[in-house]
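**Student:** A predicted structure for the sequence below; I have some questions about it.
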Amino acid sequence: KALDTLAEDALAATPNTMLFNMTGQPAISLPLHWSPDGLPIGTQWVGRFGDEATLLRLASQLETARPWADRLPPLLG
């Protein structure tokens, strides 16, 4: 693909993350719920510039409240 279409393709694939990649703000995506099919439903959290620590504390607290490390979606097919 041409170089000028790469940003458009990236924005189309991940429209909610590019802004924070460009501004340098910390952001994190966390699975907080599961669909009836067992697939993760995620949320995105954005922090203040340079404040990754707050997001990591939030992630730790949410994982303690709703553990997801051992939850795997069912295999397709």
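**Tutor:** Thanks, I have the structure now.
**Student:** Quick check: the closest residue to residue 28 other than its chain neighbours vs residue 6, distance?
**Tutor:** Of all residues not flanking residue 28 in the chain, residue 55 sits nearest, at 4.7 Å (Cβ to Cβ, 6 or more residues apart in numbering). C-betas here are computed from N, CA, C, even on glycine. Between residue 55 and residue 6 the computed distance is 27 Å (Cβ to Cβ, to the nearest Å).
**Student:** Who has more neighbours out of those two?
**Tutor:** Set residue 55 next to residue 6 and count neighbours by other Cβ atoms under 10 Å: residue 55 wins out with 18 against 10.
**Student:** Secondary structure class of residue 41, three-state.
**Tutor:** Per DSSP: H, G, I helix; E, B strand; the rest coil, the local secondary structure of residue 41 is strand.
**Student:** Could you measure from the spatially most central residue of the chain over to residue 19?
**Tutor:** With distances taken as Cα atoms, centre = their mean, residue 29 lies nearest the centre of the chain, 2.2 Å away. According to Cβ to Cβ, residue 29 stands 14 Å off from residue 19.
**Student:** Kindly report the same for residue 65.
**Tutor:** Taken as Cβ to Cβ, the span from residue 65 to residue 19 is 28 Å.
**Student:** Go ahead and report the secondary structure state at the residue nearest to residue 28.
**Tutor:** The assignment at residue 55 comes out as helix when based on three-state DSSP.
**Student:** Run through the residues that contact it.
**Tutor:** If a contact means Cβ atoms under 8 Å, 6 or more residues apart in numbering, then residue 55 has 26-28, 45, 47 as its contacts.
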